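> heads up, no residue letters with this:
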């Protein structure tokens, strides 16, 4: 009988785990430099909480837990929901703005594909309590810096930037009675479907053929100065986008205005953005935006909020493709070679002492000395400590530098101080 991991999951062997740990460290260090604090939530939430943000459309993707009594739980499918719940608990007492991030595992029951798993990791960065262009710009800067700090250049990826307020103003002008949520969901698919399919979906949603053509021309606009005649809300949103861009400095070179970027979820209220590799080989590397109504929808006081999420699965594929994902495990600083069985307990004591200051492996398979040295070389040990009877009589051990080949007799009492 062969046991296999569940479909849509990944095993992290030492090399893969080391690579993931390094990326997580970069994520954390970057967020902390911007003044964000790390939080953590349970693996599961009540179904009421999980379905509040996205409604019934997400129910089929939630891994639900066996019901016990009247309580209904499901595994979390993103990190924005639990952070919003956590914020609600502290909203009235905590200093604003609240700047949190979470790096965690989550689950969605959907068809696995490259970069999309059923069990996956993300970083989610959220800022509550401010609706300024500076806070929007900060979120974009963190997103871009997370990627740059992983070794990517600004030319390796790009950001599609838009505003739901601008697109909403145009849709209301074009078709005042249309279902905006449905239209936004179709626009969100535009990059993934043909022009004919896009036209058909829009017609099915109630738009006339000439209106679909107008919409496509509008969504193709690449300069904010070309967006005109949509009213004050849209004008304010455009000015906010311009202000946001003005804070990005050199990062603005990777940002493109793309009005077809709307993020399909209905809770977005303002700026929205998605990040892709420059060759469009992979799924989105990151995505986010402003959702000023979410906290109120969750039952809290009205509160501005902006954030984004970046997934490890797609990013790791991209970094590996660019030669930037190292799966090497740090080798031990010392390997303790047991010259004979009579000194095995002494060797164990030497290893014990060394572990106070260094990483140490020792032979635990009773192998011949030659085989021990083969193993030490295979794992890349920096130094080998030979524990033998003759050396122990002198209160010493022999240390071999595996790179230079130089061997030195060192008193055991000085071993932990030996460079």
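That came through fine. None of the values given here were measured: they were computed from a predicted structure.
> So, low pLDDT: which residues of the stretch 251-400 of the chain?
Scanning the stretch 251-400 of the chain for pLDDT under 70 picks out 264.
> so where's the longest helix in this structure?
helix 14-33 (DSSP state H).
> Paired strands for the helix or strand just after it, with orientation please.
Using DSSP states H and E, the helix or strand that follows helix 14-33 in sequence is strand 37-38. With DSSP bridges as the test, strand 37-38 is paired with strand 98-107 (parallel).
> what angle separates the strand it pairs with from helix 14-33?
Inter-element angle recorded for strand 98-107 and helix 14-33: 160 degrees (by axes from the mean of the first three to the mean of the last three CA atoms, to 10 degrees).
> ok, residues contacting strand 98-107?
24, 27-28, 31, 34-41, 43, 63, 75-79, 82-83, 86-87, 90, 118-129 (CB atoms under 8 Å, 6 or more residues apart in numbering). The way it works is simple: take the backbone N, C-alpha and C, and place the C-beta from them, glycine included.
> Same check on stretch 379-393?
331-340, 342-343, 346-347, 350, 354, 361, 373, 376, 397-403, 409, 415.
> out of the contacts of strand 98-107, which are buried?
27, 31, 36, 39, 63, 75-79, 82-83, 86-87, 118-129 (16 or more other CB atoms under 10 Å).
> Mind checking which of the residues you listed land in helices?
27, 31, 82-83, 86-87.
> Go ahead and confirm residue 262 touches residue 188.
Yes. With contact defined as CB atoms under 8 Å, residue 262 counts as touching residue 188 (5.4 Å).
> between these two, which one's more packed in?
residue 262 (26 against 17; other CB atoms under 10 Å).
> quick check: mean pLDDT across stretch 172-180?
Stretch 172-180 shows a mean pLDDT of 84.
> Any idea how far apart the tips of that stretch sit?
8 Å (CA to CA, to the nearest Å).
> cool, stretch 289-304 as well?
Stretch 289-304 end-to-end distance (CA to CA) = 11 Å.
> Next, the buried residues of it.
Those would be 289-295, 298, 300, 303-304, for stretch 289-304 by 16+ other CB under 10 Å.
> quick one: which of those residues is nearest to residue 176?
residue 293 (21.1 Å; CB to CB).
> any idea how far residue 269 is from that closest one?
6 Å (CB to CB, to the nearest Å).
> OK, contacts around residue 322?
By CB under 8 Å, 6+ apart, the neighbours of residue 322 are 151-152, 156.
> What of residue 283?
Contacts of residue 283 (CB under 8 Å, 6+ apart): 114-116, 314.
> Domain ranges for the chain, per the record?
As assigned by automatic domain parsing, the chain contains the domains 14-321, 334-417.
> Could you single out the most deeply buried of those domains?
domain 14-321 (a mean of 17; mean count of other CB atoms under 10 Å).
> Secondary structure and distance to residue 255 for the contacts of residue 283 - can I get that in JSON lines?
Output for these, formatted as JSON lines (DSSP: H, G, I helix; E, B strand; the rest coil; distance: CB to CB, whole Å):
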{"residue": "114", "secondary structure": "coil", "distance to residue 255": "26"}
{"residue": "115", "secondary structure": "coil", "distance to residue 255": "22"}
{"residue": "116", "secondary structure": "strand", "distance to residue 255": "25"}
{"residue": "314", "secondary structure": "helix", "distance to residue 255": "20"}
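> Would you reformat the residues you listed as TSV and include distance to residue 194?
Listed next are the contacts of residue 283 as TSV, based on distance: CB to CB, whole Å:
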residue	distance to residue 194
114	21
115	22
116	21
314	24
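> ok, those vs residue 143, which is closest?
Distances from residue 143 to these, taken by CB to CB, are shortest for residue 314, at 13.8 Å.
> If anything else comes up later, I'll come back, but that's it for now.
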